[in-house]
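Chemist: here's a sequence, model it:
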Amino acid sequence: MTPHVSEYGKGNLEENSLTEAERSDERRAISQRKRKLIERVFGWSNLVQQTK
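Modeler: This next block holds a predicted model:
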């Protein structure tokens, strides 16, 4: 099973480093695209709540 987690960039002290196999997994790429869409919806909902 391959984890479909985000990989942190700077400042994570190597805590969430993925292997090359995990980075190149096609299912992970699909998961990351879907995650971006979901996060966008949450961002919009938060923006709407803040403007009320």
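Chemist: give me the phi and psi for D25.
Modeler: With angles defined as degrees, to the nearest 10, D25 sits at phi -70, psi 130.
Chemist: report pLDDT for it.
Modeler: D25 is assigned 85 on the pLDDT scale.
Chemist: I'd like to know how far it sits from Q49.
Modeler: Here D25 is placed at a distance of 35 Å from Q49 (C-beta to C-beta, to the nearest Å). All C-beta spots, glycine's among them, are computed from the backbone N, C-alpha and C.
Chemist: compare the two (neighbour count), which wins?
Modeler: Shown here are D25 and Q49; by other C-beta atoms under 10 Å, D25 has more neighbours (16 against 8).
Chemist: mind checking how far that one is from S45?
Modeler: When C-beta to C-beta is the yardstick, D25 and S45 sit 30 Å from each other.
Chemist: low-confidence ranges, this structure, go.
Modeler: Applying pLDDT under 70 to the chain picks out residues 1-16, 52.
Chemist: let's see 80
Modeler: 1-19, 22, 47-52 (pLDDT under 80).
Chemist: residue boundaries of the helices in it?
Modeler: Taking DSSP state H as the test, the helices found in the chain are 20-24, 26-51.
Chemist: in the longest one, what counts as buried?
Modeler: Put plainly, it is helix 26-51. Going by neighbour count (16 or more other C-beta atoms under 10 Å), the buried part of helix 26-51 is 28, 31.
Chemist: and if you look at the first one?
Modeler: For helix 20-24, the neighbour count (16+ other C-beta under 10 Å) marks no residue as buried.
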